[in-house]
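Visitor: turn this into a structure:
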Amino acid sequence: MMKYFCGIFVAFFALISCKNDDDSLQRIDQALNIYMKNSAGQDLLNSKKTGSFTGYSVNDIFGNKDNSPVNISLRMTTDSLFYMDYLAGAKRRKLDSISPENPGTGTSYHSKMLITFTKSTNVNENVTGILEIQYRNTPTVFQVSKVLYDGNEVFSKNADAPTSINTVTITK
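Guide: Presented below is the predicted three-dimensional model:
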């Protein structure tokens with residue numbers, strides 16, 4: 001009989017200690033929709049439009065080899081705008097501590113990719129650019145904090161911003 005009560009007692013405390021705390025979950029917010037346009041606003045990823053790119057390739061600068069391709073899908077919105085859909089794939093390196101005076105608050109990371117766009121005219125012309133994605137990593141969130149293209153900031157996000165698809169527009 002005593003074993004029976006001990007078993008119930010242990011099971012009861014095990015159930016009490018197994019609480020569900022949604023605040024302990026880390027939000028992941030790293031999806032990017034990357035649009036390319038020229039200064040006139042033309043969609044440069046629509047290969048059917050004159051002057052647009054006819055293709056692209058992406059190489060991870062921090063990859064294990066010189067040629068470390070990253071797969072970024074080309075998608076189209078309902079209003080026929082093309083964008084590159086990036087979720088993950090490039091290696092991340094530690095950039096710095098988010099708060100040097102309080103190291104437990106998180107760390108920032110970054111990825112760098114070389115994007116080579118092909119433009120077909122009379123000859124194939126390649127246009128390259130470096131896409132850098134910076135991430136904020138804290139106990140509560142892992143999110144894109146900033147995106148740079150060729151060293152110029154094209155996107156930024158505050159730490160308290162809600163999770164969403166991050167829309168990046170690059171003008172070439």
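
Visitor: in this protein, which segments are predicted with low confidence?
Guide: For the chain, the stretches with pLDDT under 70 are 1-24, 97-105, 122.

Visitor: what about the strands in it?
Guide: 27-29, 32-37, 55-60, 73-76, 82-86, 93-97, 107-120, 124-137, 141-149, 152-156, 166-171 (DSSP state E).

Visitor: so can I have CSV of those showing distance to residue 48?
Guide: Backbone N, C-alpha and C define where each C-beta goes, glycine included. As requested, these are arranged in CSV below (distance: least, Cβ to Cβ, whole Å):
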stretch, distance to residue 48
strand 27-29, 33
strand 32-37, 15
strand 55-60, 13
strand 73-76, 11
strand 82-86, 10
strand 93-97, 38
strand 107-120, 12
strand 124-137, 17
strand 141-149, 24
strand 152-156, 25
strand 166-171, 20
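
Visitor: could the ones you listed go into a markdown table alongside mean neighbour count and distance to residue 46?
Guide: A markdown table is the format used below for the strands of the chain (neighbours: other Cβ atoms under 10 Å; distance: least, Cβ to Cβ, whole Å):
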| stretch | mean neighbour count | distance to residue 46 |
| --- | --- | --- |
| strand 27-29 | 14 | 28 |
| strand 32-37 | 19 | 10 |
| strand 55-60 | 17 | 12 |
| strand 73-76 | 12 | 8 |
| strand 82-86 | 20 | 5 |
| strand 93-97 | 12 | 33 |
| strand 107-120 | 18 | 13 |
| strand 124-137 | 17 | 16 |
| strand 141-149 | 19 | 19 |
| strand 152-156 | 14 | 19 |
| strand 166-171 | 16 | 14 |
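
Visitor: quick one: closest of those strands to residue 67.
Guide: Nearest of those to residue 67, taken as Cβ to Cβ: strand 55-60 at 6.4 Å.

Visitor: who are the packing partners of the closest one?
Guide: Where contact means 3 or more Cβ pairs under 8 Å, 6 or more residues apart in numbering; DSSP states H and E, strand 55-60 is packed against strand 107-120.

Visitor: what does the strand it packs on rub up against?
Guide: Contacts to strand 107-120, defined as Cβ atoms under 8 Å, 6 or more residues apart in numbering, come from residues 36, 44, 51-62, 70, 90-98, 124-137, 145.

Visitor: what distance do you get for residue 147 to residue 154?
Guide: Taking Cβ to Cβ, to the nearest Å as the measure, residue 147 falls 5 Å from residue 154.
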